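Undergrad: A predicted structure for the sequence below; I have some questions about it.
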Amino acid sequence: MRNRRTASFVAMGVAAALLPALTPAAASATTSTAPAAVDPLRQYTQQKPRWKRCEPEGPANYECATIKVPLDYSRPNGKKLDVAISRTRATSAEDRRGVLLLNPGGPGGIGLDMPVYLGPDLPDAVKQRYDLIGFDPRGVGRSSPVGCGLNTDDLNWQRPYKAATFAKDVRWARTVAEKCRAANGAVLPHLSTRNTARDMDVIRAVLGEKKISYLGYSYGTYLGAVYTQLFPKRTDRFVLDSAVDPERVWRGMIQVWAEGAEPAFTRWTEWTAARNAAYGLGGTPAEVRETFWDLVAGANRTPIPVDGVLVSGDDIRSWRAMFFSVQDAAETVVLLKDAAAGKTPAPSASPSRRGLPTAPVPPSFARDVPSDNGDAAFWSVVCADTRAWPRDPEQYRRDAVRDKARYPLYGDFASHIKPCAFWGRGAEPATRIGNSVPALVLQNEWDPQTPLVSGQGMRRALKGSRMVTVLDGLGHGVYGSGSCADATGTAYLVTGRLPAADVTCRTPAGRKTDALRLPPPAPRDLPGLPGLPGRSDRF
C-alpha cells in the first residue's frame, strides 16, 4: 500500500512533497516508470472557477468560487470535497506580482472573509501587488464542513484535573471522539494540515500561478510551514505571524500555554504591586499572588455570579491569557474580587463591553454549516495531524498532576485528557519541518496563544527564515497592528528582501497598536461562558 501511494503521488506531479522521504534509488525507480502523460490531479488543477460576488451586500470586488479537491490525494478519483475560495484583485495591474493566500489560524478558523476584514489593515503597496486570496480550509465553513453533533458539555474542553472527576473527563473525551467518528468516520483521517497544504497548491494551479505568497497567523503559520516543506519550489514570499513551534504539534502546543502563562503571571504580579494605590491587590508581588490565589480558592468554595453564570476558581485559572495584558488582568481581578464580596456587579461576558473588536462573519456565511463546526474541525486537525497523542488515560492523569505542580495557573488544564486519546489515526504521519525556504517570522514578546518560545521554534525549523521579535509586544497577531514589525513585513512582501539577520525592535511609546484583528484572546470574552473552545482559545 505504501509503495502504491508513493507512486501515485509522484505521478500526480507532487513529487516535491514526498521525494525527500525516499531513498535516491527508490525515487529514481518510481519516476522512471511513471507515464509522463498521466496526471491524476489534472481534473483538479485545470478547473475554471466560476467567480461571482460573494454577498449581495458585500463589496463588488469581493468574489467567491468553489473548487473541488480529492478527499485522499493518494486516490484522486475517489471522494471529492468542496473548497470555497475568495479574492479581491490587486489594485495595480502594472505592479501586480501574484497572489497572497491568507489564513487566520484555528484550526477551524474561517478564512473566506479575510480579504475583506484584513484588507483595510494591509498597506496599499501590498494590495497593489497581490490578489488577496481567502479560503475556508477543508472541513471548515463553506468547504465541506464537518460537524459532530456536540452538545454544550461536549464543547467544554477547559477541564482542570481533579481525581474526583477524572473518570467523567475520560468519558467526555471518549464521547467527543466517538461522536465525531460516527458523523465523519471516512473523512476524519484526511482532515490534516498536510492535505490542506495540498489544497493550497490546487488553489495555486487553478489560479494559474507558478508560485504563491502567503500571510498566515497562528495555526496558519504551521500550515504555511508545511506548504514550504511539501512545495518548496512553489513558495514565494511567506510571512508567518505569531508562530507555532513545529516540533510541538499538537499536544505540546497546548502545553506551552501553561509554560508561557507562568512568566506572564509573574510579570503581572510585579506590575500590579507597583500600582497598589490604584488596584489594592497587594504592595509586593508575593501579596498580589496571595490575593489572586485566595480569590481562586474562595470561588471554588463559593462560585462568583457573572452575568447569571457561576464562575469557579478553576474558571478563573482557565483565563490564563488575560495575564499577558497586565492592566486588563488587574482590572478583571479587582472586579471579580469586589463581585465576590458583593460590592459591585461582575464584569460582563460580552467582548463589546470590554471595547474589543471582533471579526464578524456575515450571517449567510453560516448557511448549512453545523453549529459545532469550529470545534469539530479543531479536533479533527489537532488529532489527525500527529500520531503522538498518548492512548493511555493514565498518562494524562500523571502529566496533569505533574504539570499542575510545575505551572499552577494552567498546567493541569493543558496536560489533561483530550479527545485525541481516542481518535483514529490520521492517514499520514506528522510532517517534519526542516528546510531552507526563505520566510519571515513575526512574533510579539507577550503573545498568549503562541508564546515567544513557539516563534523561536519555527525560526529554528525554517533555516532560511528571519525573525522579527517585538519587545514588549502584546497580543496574538503582529502584522498590520501598527507595531515596529510592520515595516519589515511590508518591505519583504513588496521587495522580497529579508533582513540580513534576525531583528528585535520596540514599538515607540505612544504609537497605537491593535493586534486584535484576530479573534480576541479567550479571557476577554470568557467570564461565565462554559462552552469552550471558541475561536479565541485556539492557535
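TA: Looks like it arrived, so ask away.
Undergrad: alpha carbons only for contacts and neighbour counts from here, please
TA: Will do.
Undergrad: How far off centre is the helix ranked longest in the chain?
TA: As assigned by DSSP state H, the longest helix anywhere in the chain is helix 251-273. Remark: helix 251-273 is offset 19 Å from the chain centroid, using CA atoms, centre = their mean, to the nearest Å.
Undergrad: ok, residue 160 to residue 291 distance?
TA: From residue 160 across to residue 291, the span is 21 Å (CA to CA, to the nearest Å).
Undergrad: Which one's more surrounded, these two?
TA: Taking other CA atoms under 10 Å, residue 160 and residue 291 do not tie; residue 160 has more neighbours (23 against 17).
Undergrad: Skipping its backbone neighbours, what lies nearest that one in space?
TA: Spatial nearest neighbour of residue 160, excluding adjacent residues (CA to CA, 6 or more residues apart in numbering): residue 413 at 4.6 Å.
Undergrad: what are the C-alpha coordinates of the particular helix or strand that has that neighbour in it, in PDB please?
TA: Assigning secondary structure by DSSP states H and E places residue 413 in helix 411-415. Output of helix 411-415 as PDB, limited to C-alpha atoms (Å, rounded to 0.1, in the frame of the first residue of the first chain):
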ATOM      1  CA  GLY A 411      -0.700  23.200  33.800                       C
ATOM      2  CA  ASP A 412      -3.400  20.600  34.600                       C
ATOM      3  CA  PHE A 413      -5.700  22.100  32.000                       C
ATOM      4  CA  ALA A 414      -3.100  21.800  29.300                       C
ATOM      5  CA  SER A 415      -2.000  18.200  30.100                       C
END
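Undergrad: Report the rounded mean pLDDT for whichever helix or strand comes after it.
TA: Downstream of helix 411-415, the first helix or strand assigned by DSSP H and E is strand 440-446. Strand 440-446 carries an average pLDDT of 98.
Undergrad: quick one: the nearest residue to residue 224 once chain neighbours are set aside from residue 428, how far?
TA: In space, not counting the residues next to it along the chain, residue 224 is nearest to residue 216; the distance is 6.6 Å by CA to CA, 6+ apart. Going from residue 216 to residue 428 by CA to CA gives 23 Å.
Undergrad: do the same with residue 306
TA: 45 Å.
Undergrad: And the average pLDDT for stretch 248-266 is what?
TA: 97.
Undergrad: Just give me how far that stretch sits from the chain centre.
TA: 14 Å.
Undergrad: What of stretch 100-109?
TA: How far stretch 100-109 lies from its chain's middle: 7 Å, per CA atoms, centre = their mean.
Undergrad: Just list the residues touching the residue lying closest to residue 324 once chain neighbours are set aside, thanks.
TA: The shortest distance from residue 324 to any non-neighbouring residue, by CA to CA, 6+ apart, is to residue 264 (5.4 Å). By CA atoms under 8 Å, 6 or more residues apart in numbering, residue 264 lies in contact with 323-324, 446.
Undergrad: My impression was that residue 287 belongs to a strand - is that right?
TA: No: Residue 287: not assigned to a strand; according to DSSP: H, G, I helix; E, B strand; the rest coil it is helix.
Undergrad: Neighbours of the closest residue to it other than its chain neighbours, how many?
TA: What sits nearest to residue 287 in space, not counting adjacent residues and going by CA to CA, 6+ apart, is residue 281, at 7.3 Å. By other CA under 10 Å, 23 other residues sit near residue 281.
Undergrad: Equivalent analysis for residue 342, please.
TA: Neighbours of residue 342 using other CA under 10 Å come to 12.
Undergrad: please begin residue numbering at 16 from this point
TA: All set: I'll call the first residue 16, so the last point we hit is now residue 357.
Undergrad: which SSE is it in?
TA: Going by DSSP H and E, residue 357 is not in any helix or strand.
Undergrad: And it, how close does it get to residue 351?
TA: From residue 357 to residue 351 the distance is 10 Å (CA to CA).
Undergrad: Double-check that the residue nearest to residue 239 belongs to a helix.
TA: No: the assignment for residue 231, made by three-state DSSP, is strand rather than a helix.
Undergrad: Just the helices from the stretch 216-365 of the chain, written as ranges.
TA: For the stretch 216-365 of the chain, the helices defined by DSSP state H, counting those that start in this stretch cover 234-245, 266-288, 291-294, 300-316, 328-333, 341-355.
Undergrad: what's the most buried one of the ones you listed?
TA: helix 234-245 (a mean of 27; mean count of other CA atoms under 10 Å).
Undergrad: Output that helix as PDB, restricted to C-alpha atoms.
TA: Taking Å, rounded to 0.1, in the frame of the first residue of the first chain, the C-alpha atoms of helix 234-245 are listed here in PDB:
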ATOM      1  CA  TYR A 234      -2.100  27.900  13.300                       C
ATOM      2  CA  GLY A 235      -1.800  29.300   9.800                       C
ATOM      3  CA  THR A 236       2.000  29.600  10.400                       C
ATOM      4  CA  TYR A 237       2.200  25.800  10.700                       C
ATOM      5  CA  LEU A 238       0.100  25.400   7.600                       C
ATOM      6  CA  GLY A 239       2.400  27.700   5.800                       C
ATOM      7  CA  ALA A 240       5.500  25.800   7.000                       C
ATOM      8  CA  VAL A 241       4.000  22.500   5.900                       C
ATOM      9  CA  TYR A 242       3.500  24.100   2.400                       C
ATOM     10  CA  THR A 243       7.100  25.100   2.300                       C
ATOM     11  CA  GLN A 244       8.100  21.600   3.200                       C
ATOM     12  CA  LEU A 245       5.900  19.900   0.600                       C
END
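Undergrad: Run the angle between that helix and strand 455-461 for me.
TA: 150 degrees (axes from the mean of the first three to the mean of the last three CA atoms, to 10 degrees).
Undergrad: in this structure, what spans have low per-residue confidence?
TA: Segments of the chain classed as low confidence (criterion: pLDDT under 70) are 16-52, 359-382, 525-552.
Undergrad: the strands in it, which residues?
TA: Secondary structure of the chain by DSSP state E: the strands cover 67-68, 78-85, 95-103, 113-118, 145-150, 227-232, 250-256, 319-321, 324-326, 455-461, 481-489, 518-521.
Undergrad: Nearest to residue 194, out of those strands?
TA: The closest of the strands of the chain to residue 194 is strand 95-103. By CA to CA, the value is 20.9 Å.
Undergrad: What is the burial count for the closest residue to residue 158 other than its chain neighbours?
TA: Nearest residue to residue 158, sequence neighbours excluded (CA to CA, 6+ apart): residue 98, at 4.3 Å. Around residue 98 there are 26 other residues, counting by other CA under 10 Å.
Undergrad: per-domain residue ranges of this structure.
TA: 17-55, 59-161+205-262+448-521 (automatic domain parsing).
Undergrad: end to end, how far does the last one reach?
TA: Same thing as domain 59-161+205-262+448-521. 46 Å.
Undergrad: likewise stretch 488-497?
TA: Criterion CA to CA; first-to-last residue distance in stretch 488-497 is 11 Å.
Undergrad: so what's the closest residue to residue 470 other than its chain neighbours up against?
TA: For residue 470, ignoring the flanking residues on the chain, the nearest one in space by CA to CA, 6+ apart is residue 258 at 4.6 Å. Shown in contact with residue 258 (CA under 8 Å, 6+ apart): 232-234, 236-237, 456-458, 465, 469-470, 473.
Undergrad: Roughly how far does residue 258 sit from residue 465?
TA: Residue 258 is 6 Å from residue 465, by CA to CA.
Undergrad: Give the intersection of the neighbour lists for these two.
TA: Common neighbours of residue 258 and residue 465, using CA under 8 Å, 6+ apart, are residue 233.
Undergrad: Good, we can wrap up now.
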